[in-house]
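> Below: sequence and its predicted model.
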Amino acid sequence: MERVTVYCASSPKTHPDYLKAATRLGEILGEAGATTVYGGAAIGSMGAVANGALSRGGRVEGVLPRFMYDLEWGHPGLTDLHLVNDLHERKRLMIDRADAVIALPGGCGTFEELFEAITWKRLGLFAKPIVIVNVRNYYKHAIALLEQAVRERFMNEKHLEMWSVADDVEDVLDKIKNAAPWSAEDRKFAAVN
C-alpha cells in the first residue's frame, strides 16, 4: 500500500467529529508511510486529512482543478500538487494513483467519487480496496441503498464484497489489509443473472 486516495469534503462548517476523524486518518496514513492522495484543498476535511498526514511526516499529493487553484483553494504545504483541467481529470488521476480508496463523510462530490470507484470495481476496472468510513453513522443510508440494489437484483450479492465499512478511522488499515480479493475476472458479475 503505497498510495491511498481519500475522498472527503472541503466544507469547514461540519460537525467537529468529521474534522477530528479526517485529521486522525491523515495521521494514521502518515505513520504507516503511505502517500495520501486527495482533492488538494486546504479547508474542511480535505485540509484536515492533509495536515494530519503532514504532521506525521507523510507524503501528501493534492489533485486540484485549475479553476479551484485560481480561486486559491489549494493547500500550500503539500508534497506535490497536481493541477488538472477539470473534475473528470481529477477523479481519473486520483483513482489511477490509488492502491486503496477511502471515503470519509462528504457531500455530492464525495458521493460521486465513491460511487464511481464502486462502479469501476463492479466492472473489473479497479480491483483495489474501497473503505467507507462511517463516522457518526453518516453513510447509513448510502449503505442501505447499495444493499437494496442487491436485494432488487440490480447488483449481484458478490458485489457486497467490493467495499468494507469502518465505523472508526482506527480500523481503516485493517479493512484495507483484509479486503476481499477482486480482479478483472470478477467482471462477469457485472451482469445480473
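Now that the structure is in, tell me what you want to look at.
> Could the C-alpha coordinates of the helix or strand bottoming out on mean pLDDT in the chain be exported in CSV?
Lowest by mean pLDDT, DSSP states H and E among the helices and strands of the chain is helix 66-70, with a mean of 95. C-alpha atoms of helix 66-70 as CSV (Å, rounded to 0.1, in the frame of the first residue of the first chain):
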residue,chain,number,x,y,z
ARG,A,66,-7.1,24.8,-12.3
PHE,A,67,-10.3,26.8,-11.6
MET,A,68,-10.0,25.9,-7.9
TYR,A,69,-6.4,26.8,-7.9
ASP,A,70,-7.2,30.2,-9.4
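> what about it, distance to the chain center?
21 Å (CA atoms, centre = their mean, to the nearest Å).
> by contact count, what packs against that helix?
strand 80-84 (3 or more CB pairs under 8 Å, 6 or more residues apart in numbering; DSSP states H and E). Every C-beta, even on glycine, is put in place using the N, C-alpha and C of the backbone.
> partner strands of the strand it packs on, parallel or antiparallel?
The strands beside strand 80-84 in its sheet (DSSP bridges) come out as strand 60-65 (parallel).
> which parts of the least confident helix or strand of the chain are buried?
By neighbour count on 16 or more other CB atoms under 10 Å, the buried set for helix 66-70 is Met68.
> which residues are in contact with the helix or strand encompassing Arg92?
Following DSSP states H and E, one finds Arg92 within helix 87-96. Here helix 87-96 makes contact (CB atoms under 8 Å, 6 or more residues apart in numbering) with 5, 7, 37-39, 63-65, 82, 84, 101, 109, 112-113, 116-117, 120, 126.
> Going through these, which ones are buried?
5, 7, 37-39, 63-65, 82, 84, 101, 109, 113, 116-117, 120, 126.
> Out of those residues, name the ones that lie in helices.
Secondary structure assignment by DSSP state H places 109, 113, 116-117, 120 of those in helices.
> In JSON lines, list the residues you listed along with distance to Leu146 and pLDDT.
Below are those laid out as JSON lines (distance: CB to CB, whole Å; pLDDT from 0 to 100):
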{"residue": "Gly109", "distance to Leu146": "18", "pLDDT": "97"}
{"residue": "Glu113", "distance to Leu146": "15", "pLDDT": "98"}
{"residue": "Glu116", "distance to Leu146": "14", "pLDDT": "98"}
{"residue": "Ala117", "distance to Leu146": "12", "pLDDT": "98"}
{"residue": "Trp120", "distance to Leu146": "15", "pLDDT": "95"}
